[in-house]
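Asker: I need the structure of the sequence given here:
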Amino acid sequence: MVLGLPRVIPLFPLPDLVFFPHVALPLHICEPRYRAMVREALDGERIIGMVLLQDGWEERYYGNDAPIHPVGCAGKITAVQQMEGGRFNITLFGLTRFTLRDQFCDAPYRQAWVEPFHDGDEPCPLPADLKGQLHGLVREFGKLIGRASQIEVFLKRVVHEPSFLNICCSELPFTPVEKQLFLEASTPVQQAKRLVEVLRFNIEDLARSSAAIKKVGS
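Answerer: Predicted coordinates for the structure are as follows:
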């Protein structure tokens, strides 16, 4: 165990999902190999590592050798419901990011030797100007996507900065590639700066689209 994370963990690669620390993730497990993964995880440390598949995964998905990004996030099973036919509904809670060091397949699913990030998920107060800029952009983005009231409640309730950053990265409607960029940030400050850049780009893009629609309708 390193920082509460086993050196070897099972991997669950998906093409459109990036998992973050401090975030709860509900999953429906139906493939036989991943049902086996959940059963074995429940008998052990209850840890599963989520990773994002890279482009070109489709033809190799069922061979357990589809390309994956080298940084993922490990979560612990905190709730489980076994269903008819051996399927599961589970909830993972994000613990820490990790870097893949080696992969193997001694089970029906993929496993890996991993190294956790040693300090990237630790509390690190953001500079006041960066924090204010980030909050302002999140509010503006929330208005543009029609979620202003939810965003305001979120900003008032979530004050722990690593949680705030990771929930923003996870829950706001960014692309998987953008979310992977956030996940791979070396520190919370770098993560916040990347989030600011992507928020600005998305806000500008949404503003241009809105202006074009208004022009067409005028």
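
Asker: Buried residues, whichever helix or strand Leu195 is part of. List them.
Answerer: In the assignment (DSSP states H and E), Leu195 maps to helix 188-217. By neighbour count on 16 or more other Cβ atoms under 10 Å, the buried set for helix 188-217 is 188-189, 191-196, 198-199, 202-203. No exception for glycine: its C-beta is placed from N, CA and C like everyone else's.

Asker: Can you tell me how far the closest residue to Ser163 other than its chain neighbours is from Gly75?
Answerer: Among residues not flanking Ser163 along the chain, His22 sits closest, at 4.2 Å (Cβ to Cβ, 6 or more residues apart in numbering). From His22 across to Gly75, the span is 10 Å (Cβ to Cβ, to the nearest Å).

Asker: okay, and the common contacts of these two?
Answerer: Gly94 (Cβ atoms under 8 Å, 6 or more residues apart in numbering).

Asker: out of these two, which sits in the busier spot?
Answerer: Gly75 (27 against 19; other Cβ atoms under 10 Å).

Asker: pretty sure the more buried one is in contact with Ile48, am I right?
Answerer: Yes - Gly75 lies in contact with Ile48 (Cβ atoms under 8 Å); the separation is 5.9 Å.

Asker: any common contacting residues for those two?
Answerer: Leu92.

Asker: So which residues of this structure form helices?
Answerer: Here the chain has its helices, by DSSP state H, at 32-43, 128-144, 148-157, 161-171, 176-183, 188-217.

Asker: Can you pull out the low-pLDDT segments for the protein?
Answerer: 1-3, 118-124, 158-159, 210-218 (pLDDT under 70).

Asker: Specify the strand with the largest residue count in it.
Answerer: strand 88-104 (DSSP state E).

Asker: same for that one, what does it pack against?
Answerer: Applying 3 or more Cβ pairs under 8 Å, 6 or more residues apart in numbering; DSSP states H and E, one finds that strand 88-104 contacts strand 24-29, helix 32-43, strand 47-52, strand 71-82, strand 111-116.

Asker: in the last one, what counts as buried?
Answerer: Meaning strand 111-116. Across strand 111-116, burial judged by 16+ other Cβ under 10 Å covers 111-112, 114, 116.
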